[in-house]
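K.L.:
Curious how this folds, go ahead:
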Amino acid sequence: HMGCSFVAGQGGAPGKCTNSPGVMSNREIRQLIKDQNITPILNETAMVKYFTYGGDSWIGYDDEETYALKQGL
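P.N.:
Predicted coordinates for the structure are as follows:
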């Protein structure tokens, strides 16, 4: 899980294309998951997935599964 090593007020490591701390495109997220063999965690209460990367960054995002959960409300 995420733990406590994250710095409040600072964005996560930037993606290769967006190159902006705290912002990643869905394509960058999918590529990061594939390249680093990441298993995202589903937060069913918030209906969002998240994972950690780069040692001190995390990202929350939506995909087909989380969109379906939200549409079912």
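K.L.:
quick one: the helices in this protein?
P.N.:
Assigned by DSSP state H, the helices in the chain fall at 26-35, 64-71.
K.L.:
can I get those helices in a markdown table with mean pLDDT and distance to residue 20?
P.N.:
In short, each C-beta sits where N, CA and C put it, glycine included. Formatted as a markdown table, those follow (pLDDT from 0 to 100; distance: least, CB to CB, whole Å):
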| stretch | mean pLDDT | distance to residue 20 |
| --- | --- | --- |
| helix 26-35 | 96 | 11 |
| helix 64-71 | 96 | 23 |
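K.L.:
Select, out of those helices, the one closest to residue 46.
P.N.:
Residue 46 lies closest, by CB to CB, to one member of the helices of the chain: helix 64-71, at 8.8 Å.
K.L.:
on that earlier part again, which one of the helices of the chain has the most crowded surroundings?
P.N.:
Highest mean neighbour count of the helices of the chain: helix 26-35, a mean of 14 (counted as mean count of other CB atoms under 10 Å).
K.L.:
Now tell me which helix or strand of the chain has the poorest mean pLDDT.
P.N.:
For the chain, counting by mean pLDDT, DSSP states H and E, strand 57-61 ranks last in confidence among helices and strands (a mean of 90).
K.L.:
Next, the angle from that one to helix 26-35.
P.N.:
If you take axes from the mean of the first three to the mean of the last three CA atoms, to 10 degrees, strand 57-61 sits at 120 degrees to helix 26-35.
K.L.:
Show me what strand 57-61 is packed up against.
P.N.:
helix 26-35, strand 48-53 (3 or more CB pairs under 8 Å, 6 or more residues apart in numbering; DSSP states H and E).
K.L.:
just to revisit the earlier point, compare the helices of the chain and report which one is nearest to residue 45.
P.N.:
For those, proximity to residue 45 was assessed by CB to CB; helix 64-71 is nearest, at 10.3 Å.
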